[in-house]
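Trainee: Quick one, structure for this:
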Amino acid sequence: MRVHLAVVTWNRLALTRICLESLLARTPPGYTLTIVDNGSEDGSREYLQSLAAAHAHIRLKLLSRNMGLCVAANLAWDDAADAEYYVKLDNDIEILDPLWLARLISPLEERPQVGMTSYKFCDWHEPSHQPLALRDGGEAELTTVCGGGCVCIPRATHERLGFWNEGYGRYGHEDQDYSWRVRKAGYALASVATKGMVRHLGYAEGMVDADIERGKKTSNQSRLSGDTAYYLNVLLFDEGLLPLRMIRKYLPVEKEGRISFALNPAYRPVQKLLNTLARTVEVDASGELSRLDLSAWRQGASEYESES
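Mentor: You can find the predicted model right below:
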């Protein structure tokens, strides 16, 4: 079983240390790890460089600025070509038990209809309350959303559905988006109980990062990101105007050891369609979509189809 792990970092050095050192100490051999740093300025980069130098199975990619979670996580996905499973962890996850990875993968190996799994850190998603009995004794249930804090996607799912959607700004909604596409493709989602396996530290007392929380709020208020972008994408996926197999918005360009990004030409029609729709959208104070002009949507759809 070949597994590739991906961790995206941006500042929060104390949490990054806990995450990576617990991962290295409590994950059995046989995996590779890519760490992508999104332009940290708190000493994280120097720490990561020393860590990568000490561990041959770590691949480190340093970005000069924060490109957002999805762009960085997709960059790490490039290293997973030979892996059966891709696992994305946020850098505020602490590994508690060496069985954590096997437990996360178990529903995928035992239930062919499951196309994505995650550890359940909160109840904001909608569990089905349909338990999955696992041979290893773990607890899992079918769900409608796999949270992105610690998520596993098998190669077959990735080949069918592509990458994380890079159209959501720096933070948020990528897990809802991918979960929706997985279900639309006919797969089930499984949520695994954390019980002694992993722990989410990002919202523990004294650990909340004000910069990240401000970034999430700002991102969610943008007309083409956050909730608005999610509702638009669901509409387009559901109507077949956007394929479920998501392409990358930004393509990496590596020159003289530095990584930069260029807009993917194949994404331009997608961006044009979203821009057309966004001009007709109104969002209420809670961030919910309150109005969408479908006549403009049909016009945008026609333009997209003529260019794609």
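Trainee: any idea how far the residue lying closest to residue 98 once chain neighbours are set aside lies from residue 275?
Mentor: Using C-beta to C-beta, 6 or more residues apart in numbering and skipping the chain neighbours, the partner closest in space to residue 98 is residue 26 (5.0 Å). C-betas here are computed from N, CA, C, even on glycine. Note on residue 26: its distance to residue 275, by C-beta to C-beta, to the nearest Å, is 46 Å.
Trainee: Measure how buried the residue nearest to residue 98 is and give me the count.
Mentor: Per other C-beta atoms under 10 Å, the neighbour tally for residue 26 reads 17.
Trainee: my read: it touches residue 96, true?
Mentor: Yes - using C-beta atoms under 8 Å, residue 26 is in contact with residue 96, at 7.0 Å.
Trainee: Now do residue 237 against residue 144, distance only.
Mentor: Following C-beta to C-beta, the distance that separates residue 237 from residue 144 is 15 Å.
Trainee: These two: which has the busier surroundings?
Mentor: Taking other C-beta under 10 Å, residue 237 and residue 144 do not tie; residue 237 has more neighbours (18 against 15).
Trainee: Show me what residue 162 bridges to in the sheet.
Mentor: residue 246 (DSSP bridges).
Trainee: Next one, pLDDT for it please.
Mentor: Looking at residue 162, its pLDDT is 97.
Trainee: these two touch, right, it and residue 245?
Mentor: Yes - using C-beta under 8 Å, residue 162 is in contact with residue 245, at 4.2 Å.
Trainee: more neighbours, the two?
Mentor: The neighbour comparison of residue 162 against residue 245 (other C-beta under 10 Å) goes to residue 162, with 18 against 13.
Trainee: Next up, the contacts around the more buried one.
Mentor: Residue 162 is in contact with 244-247, counting by C-beta atoms under 8 Å, 6 or more residues apart in numbering.
Trainee: Apply 7 Å and report the result again.
Mentor: 245-247 (C-beta atoms under 7 Å, 6 or more residues apart in numbering).
Trainee: The residue nearest to residue 98 contacts residue 99, doesn't it?
Mentor: No - using C-beta atoms under 7 Å, residue 26 is not in contact with residue 99, being 9.1 Å away.
Trainee: Now do the strands in the stretch 1-150 of the chain.
Mentor: 3-9, 31-37, 58-62, 85-90, 93-95, 114-120, 127-133, 139-143, 150-154 (DSSP state E, counting those that start in this stretch).
Trainee: Next, the angle from the second one to strand 3-9.
Mentor: Here strand 31-37 runs at 20 degrees with respect to strand 3-9, directions being taken by axes from the mean of the first three to the mean of the last three C-alpha atoms, to 10 degrees.
Trainee: cool, and the last one?
Mentor: Angular relation of strand 150-154 and strand 3-9 on a 0 to 180 degree scale: 140 degrees, by the same axes, to 10 degrees.
Trainee: neighbouring strands for strand 150-154, and are they parallel or not?
Mentor: Strand pairing (DSSP bridges) places strand 150-154 next to strand 85-90 (antiparallel), strand 114-120 (antiparallel).
Trainee: In CSV: the ones you listed, plus mean pLDDT, mean neighbour count and distance to residue 21.
Mentor: Output for those, formatted as CSV (pLDDT from 0 to 100; neighbours: other C-beta atoms under 10 Å; distance: least, C-beta to C-beta, whole Å):
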stretch, mean pLDDT, mean neighbour count, distance to residue 21
strand 85-90, 97, 24, 13
strand 114-120, 95, 25, 19
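Trainee: Nearest to residue 149, out of these?
Mentor: strand 85-90 (4.8 Å; C-beta to C-beta).
Trainee: Is it possible to get a markdown table of the strands of the stretch 1-150 of the chain that adds distance to residue 187?
Mentor: Converted to a markdown table, those look like this (distance: least, C-beta to C-beta, whole Å):
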| stretch | distance to residue 187 |
| --- | --- |
| strand 3-9 | 19 |
| strand 31-37 | 23 |
| strand 58-62 | 29 |
| strand 85-90 | 14 |
| strand 93-95 | 24 |
| strand 114-120 | 3 |
| strand 127-133 | 14 |
| strand 139-143 | 11 |
| strand 150-154 | 10 |
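Trainee: Looking at those, spot the one closest to residue 169.
Mentor: Comparing the strands of the stretch 1-150 of the chain against residue 169 with C-beta to C-beta, the closest turns out to be strand 3-9 (14.4 Å).
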